[in-house]
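**Q** below are the sequence and a predicted model for it; my questions follow.
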Amino acid sequence: RLDHLAQHVEPTLPHTALTYIQANAKTGQAFARKHGFEITRYLYEMTRPLDPLPALADYPLPAGVELRPALPEHDRAIYHARREAFLDHWGSSLPSEAEFQAWVNDEHRDPSLYAVAWAGDEVAGLILNVISASENESSGRKRGYTDPIAVRRPWRKQGLATAMLVHSLHRLH
């Protein structure tokens, strides 16, 4: 399948295939290595119970920053702030209109769950919280995700991500 896909990609662009394999899946890792894959990074998934909601200290937003509801007219600003925050991140790429449209039309997207921090008329940071009703129904769980957590460079190292995360955990609860 990868060979077939490679025939339909611009030849001047780099070709990369990626897969996700759990760290304890030694057989899967061996299979991937046998077929030319290399481990390039590790990801961690963390969970926290919310029911009952353990006490979470209220964490203040940095001076001049406020949380506001995500309205449809903010979609592009939120999307571009997210992409900008990750431009120096591993594997990032410039956004396309098709990617923006896919994000806007994602069935799991619920802007009422978002934590979007604004500094004046600029998005300083965001957490695009998600609850997938279909996933929760099929798994018999109640799960929400705080993903992605993004802070633009000018507002990093000021506690913004922590403040948005505390707010997000309350919102998801």
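**A** Looks like it came in fine. Numbering: from 1, shown residues only.

**Q** quick check: pLDDT value at P14.
**A** The score at P14 is 68. That number is its pLDDT.

**Q** repeat for the one 3 residues further on
**A** pLDDT recorded at A17 is 74.

**Q** distance from the chain centre to stretch 16-34, please.
**A** Taking CA atoms, centre = their mean, to the nearest Å, the mean C-alpha location of stretch 16-34 is offset from the chain mean by 22 Å.

**Q** mind saving the C-alpha coords of that stretch as CSV?
**A** The C-alpha trace of stretch 16-34 is given here as CSV (Å, rounded to 0.1, in the frame of the first residue of the first chain):
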residue,chain,number,x,y,z
THR,A,16,7.4,9.3,5.3
ALA,A,17,5.2,6.6,6.8
LEU,A,18,4.5,6.5,10.5
THR,A,19,2.8,4.1,12.8
TYR,A,20,2.1,4.1,16.5
ILE,A,21,3.1,1.0,18.6
GLN,A,22,2.8,0.8,22.4
ALA,A,23,6.2,0.6,24.2
ASN,A,24,5.3,-2.9,25.7
ALA,A,25,4.4,-4.3,22.2
LYS,A,26,7.8,-5.9,21.5
THR,A,27,6.5,-8.1,18.6
GLY,A,28,5.0,-5.0,16.9
GLN,A,29,8.2,-3.1,17.4
ALA,A,30,10.2,-6.0,15.9
PHE,A,31,7.9,-6.2,12.9
ALA,A,32,8.1,-2.5,12.3
ARG,A,33,11.9,-2.5,12.5
LYS,A,34,12.1,-5.5,10.1
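
**Q** quick check: buried residues in that stretch?
**A** A32 (16 or more other CB atoms under 10 Å). To be clear about C-beta, it is placed using only N, CA and C from the backbone, and glycine gets the same treatment.

**Q** ditto for stretch 83-100
**A** Of the residues in stretch 83-100, R83, A85, P95 count as buried by neighbour count, 16+ other CB under 10 Å.

**Q** only C-alpha atoms, please: export it in CSV.
**A** Extracted C-alpha coordinates of stretch 83-100, given in CSV (Å, rounded to 0.1, in the frame of the first residue of the first chain):
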residue,chain,number,x,y,z
ARG,A,83,-0.8,25.5,14.0
GLU,A,84,1.6,28.4,14.8
ALA,A,85,2.2,27.0,18.3
PHE,A,86,3.4,23.7,16.8
LEU,A,87,5.5,25.1,13.9
ASP,A,88,8.7,24.2,15.7
HIS,A,89,7.3,20.8,16.8
TRP,A,90,8.4,17.5,15.4
GLY,A,91,6.7,16.7,12.1
SER,A,92,4.8,20.0,11.8
SER,A,93,3.7,21.4,8.5
LEU,A,94,2.1,24.5,7.2
PRO,A,95,-1.7,24.3,7.2
SER,A,96,-3.8,24.0,4.1
GLU,A,97,-7.4,25.1,3.5
ALA,A,98,-8.5,21.5,3.2
GLU,A,99,-7.1,20.7,6.6
PHE,A,100,-8.9,23.8,8.0
